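*Asks:* predicted model and sequence below, questions to follow.
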Amino acid sequence: MVDTGDIAPDFMLPSTAGDITLSALVADRRVVLAFYMEDKTPGCTQMLSALQGEYDTIHELGAEVIAISADSLDSHDAFSESLGGCPFPLASDTDLATAAAYGALSDDGKSMVRAVFVVGKGGRIIHSIPWFQPGSTAQFFDIFQALGLE
């Protein structure tokens, strides 16, 4: 698994906002990469709802959010709609290649785990949470601290 201080593996994935390339995004902003298991599951819904609820603050801190799962774009569109519209893109990593590059795979390698990586401008990981717990206020606060919130 990649860790704080490592260069974030670049990727290009289709998303609800079109194709996304990490290197293009981190050229001028920080990025919160949120890997999650599956659309419309309770824990993942809680995770994305929390990011959705704090998106304005994250954006004000100069960062973008990208949520990544193996689900299809059709599934992502339906999930976004069920959330009342998602202000950040949901990316589709159907072959799990991006999740594998980040070490965000289950032990059997057949699905993703919930993990969050904060990538700084230029592409270095400035914070990593390899086992993100959606109900953890402390982990969520750590993301804000990595983005510079005092």
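*Replies:* It's in.
*Asks:* ok, residues contacting the lengthiest helix in the chain?
*Replies:* The longest helix of the chain (DSSP state H) is helix 42-53. With C-beta atoms under 8 Å, 6 or more residues apart in numbering as the test, helix 42-53 has contacts from 32, 34, 36-38, 58, 65, 67, 69, 79, 82-83, 86-88, 90, 114, 132, 134-135, 140. (C-beta placed from N, C-alpha, C; glycine too.)
*Asks:* of these, keep whichever come out buried.
*Replies:* Among the contacts of helix 42-53, the ones that count as buried by 16 or more other C-beta atoms under 10 Å are 32, 34, 36-37, 58, 65, 67, 69, 79, 83, 86, 88, 90, 114, 132, 134, 140.
*Asks:* narrow those to those in strands?
*Replies:* Val32, Ala34, Val65, Ala67, Ser69, Leu90 (DSSP state E).
*Asks:* my read is that the first one contacts Ile58, right?
*Replies:* Just to be clear, that refers to Val32. Yes - contact criterion C-beta atoms under 8 Å: Val32 and Ile58 qualify, at 6.2 Å.
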